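Participant: next come a sequence and a model predicted from it.
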Amino acid sequence: MILQSRRFQTRYKEEANSNVHIHVLIGANQTLTVQPVDVKQQMATPSESLPLQDRVAIVTGSSRGIGREIALHLASLGARIVVNYTSNSAPADSLVAQINANSAAPRAVSVQADVSDPDQVKSLFDSAERAFDSPIHVLVNSAGVIDGTYPSIANTSVESFDRMFAVNTRGAFACAREAANRLKRGGGGRIILLTSSQVAALRPGFGAYSASKAAVETMVKVLAKELKGTQITANCVAPGPIATDMFFEGRTEETVNRIVQECPLGRLGETKDVAPVVGFLATDASEWVNGQTLRVNGGYV
Ligand SMILES: NC(=O)c1ccc[n+]([C@@H]2O[C@H](COP(=O)([O-])OP(=O)(O)OC[C@H]3O[C@@H](n4cnc5c(N)ncnc54)[C@H](OP(=O)(O)O)[C@@H]3O)[C@@H](O)[C@H]2O)c1
C-alpha cells in the first residue's frame, strides 16, 4: 500500500530510526501496521543504491585516454570493470589496482585483446564472464586509432586506410556483434560506441578516419532497431577535441593553439568531459535514448 501524506512520511522516517513498528490510522476504527525494516537497511547501506551496482562493464581501449576515464567513472557508479588494451599492459594493470584499492573482492580485471580481431573480441567477452561469474551488462568500445600525419585523401595510403577501418570500424562491429549476442536481456543492457565529432566537422586530413567512424554511427542506428525486445540500447558518443595521446599525436603547439581558438569554450576538452555522458548512457535513466549519436565537443562542431 502506498501512503503519500507528508505527515505519514515524516512519522515513518522517525519511527524507522527508532526501529519500532508504525501504526497508521486509516479509518475510523482501523489501523495499518508497517515494519520500517527496509528503509532502515537502505539507510545503513547507501552503496547498494549506486546506479550500476555490480553490473559488469567491458571498456575497450581503457588503459589510457578517454576509455580510462570512462572505466573509472563506471566503477564509481558501482560497476565491475574489464579494462581492455592491446599493446601495453602496465597502464591497464595500474588502473585495475586503482579501482581495486580499498575493495575486498576484485572489482576490475585487465584483459588484452585486439578489437580488430573478432576471435580476440570473443575471448574478451569469455574472460569478462569468467572473471565476475556474471553476464555482461555494458559494452563501451573506446579503442580507436588515427593516422597522426593527418593525410589528405589524395595522400592516404591503403595501409593507413585499412588500419583505421580495421580498428575503428571492424573493431566496433566485432564488439557490437558480440555484445548484441551476449549482453544481459531484460534490462540494463547497454552498447556504447565511441565515434568522433569529425564525422560532423569534416575537416581536411580526417577523410579515412571520419569515414571509419561514420560507418559506426550508421550501424548503431540499425543495431538499436534490431535489438527490439531485448531491452538493450545502442548509442554512439562522439567526442570533439579531447586532450589525450591520440589528440596530441603528430600535432605542433601551433596547431593545438589553433584548435583551442576554434573551441567556443576556449579550451580543449578533457577526458572527464566525456565520461559522465557515457556514464549516463550506461544507467537505466538513459533508456529512452536509443539509436542516437551524442556529440560531446563543447560546441566545436
Ligand atoms: N582524443 C580525441 O580528441 C578524440 C576525439 C574524438 C573521438 N575520439 C575517439 O575516442 C576513443 C578514445 O580515444 P583516446 O583519445 O582516448 O585514444 P588514446 O589516448 O590513443 O587511447 C587509445 C586506447 O585504445 C587502445 N587500443 C588501440 N588500438 C586497440 C586495439 N586494436 N584493440 C584494443 N585496444 C586498442 C589503446 O591501448 P594500447 O595502449 O595497449 O594500444 C589505448 O588504451 C577513440 O575511439 C577515438 O577515435 C577521440
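Facilitator: Thanks, I have it.
Participant: ok, which residues in the protein are in contact with the ligand?
Facilitator: With the criterion set to C-beta under 6 Å from any ligand atom, the chain comes near the ligand through 60-61, 63-67, 84-88, 114-116, 142-145, 167, 171, 194, 196, 239, 241-242, 244-247. For glycine as for every other residue, the C-beta is placed from the backbone atoms N, C-alpha and C.
Participant: can you show me the helices along this structure?
Facilitator: Secondary structure of the chain by DSSP state H: the helices cover 6-17, 37-44, 65-76, 89-100, 118-132, 158-164, 171-182, 198-201, 207-226, 245-248, 253-262, 271-282.
Participant: and the chain, what are its domains?
Facilitator: 6-44, 51-296 (automatic domain parsing).
Participant: distance between the ends of the longest one?
Facilitator: Looking at domain 51-296, the gap from its leading to its trailing residue is 22 Å under the measure C-alpha to C-alpha, to the nearest Å.
Participant: for that domain, what is the distance to the chain centroid?
Facilitator: 7 Å (C-alpha atoms, centre = their mean, to the nearest Å).
Participant: what about it, average pLDDT?
Facilitator: For domain 51-296, mean pLDDT rounds to 98.
Participant: from memory Phe248 sits against Val256, does it?
Facilitator: Yes: the pair Phe248 / Val256 is scored as a contact, 7.1 Å apart, by C-beta atoms under 8 Å.
Participant: now do the contacts for the residue nearest to Ser110 when sequence neighbours are not counted.
Facilitator: Leaving out its chain neighbours, the residue that sits closest to Ser110 by C-beta to C-beta, 6 or more residues apart in numbering is Ala92, at 4.0 Å. Neighbouring residues of Ala92 by C-beta atoms under 8 Å, 6 or more residues apart in numbering: 62-63, 83-85, 110, 112.
Participant: one more: Ala214?
Facilitator: Ala214 touches 195, 199, counting by C-beta under 8 Å, 6+ apart.
Participant: any idea how far it lies from Val140?
Facilitator: Using C-beta to C-beta, to the nearest Å, Ala214 is found at 19 Å from Val140.
Participant: what comes up buried for stretch 128-139?
Facilitator: Using 16 or more other C-beta atoms under 10 Å as the test for burial, stretch 128-139 gives 128-129, 131-132, 136-139.
Participant: ok, those residues vs the ligand, which is closest?
Facilitator: Leu139 (12.9 Å; C-beta to the nearest ligand atom).
Participant: what is that closest one paired to in the beta sheet?
Facilitator: Bridge pairing for Leu139 (DSSP bridges) gives the partners Ile58, Ile191.
Participant: now it: how far from Val222?
Facilitator: Leu139 sits 17 Å away from Val222, taking C-beta to C-beta as the criterion.
Participant: cool, Arg130 as well?
Facilitator: Taken as C-beta to C-beta, the span from Arg130 to Val222 is 31 Å.
Participant: in stretch 82-100, what counts as buried?
Facilitator: Buried residues in stretch 82-100, counted by 16+ other C-beta under 10 Å: 82-86, 91-93, 95-96, 99-100.
Participant: of all those residues, which two lie farthest apart?
Facilitator: Thr86 and Asn100 (21.6 Å; C-beta to C-beta).
Participant: next, format the contacts of Ala92 as a markdown table and append distance to Val277.
Facilitator: Formatted as a markdown table, the contacts of Ala92 follow (distance: C-beta to C-beta, whole Å):
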| residue | distance to Val277 |
| --- | --- |
| Ser62 | 16 |
| Ser63 | 21 |
| Val83 | 20 |
| Asn84 | 20 |
| Tyr85 | 22 |
| Ser110 | 24 |
| Gln112 | 27 |
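Participant: between the residues you listed, which is closest to Ala200?
Facilitator: Distances from Ala200 to the contacts of Ala92, taken by C-beta to C-beta, are shortest for Ser62, at 25.0 Å.
Participant: how many residues are close by the closest one?
Facilitator: 30 (other C-beta atoms under 10 Å).
Participant: good, wrapping up.
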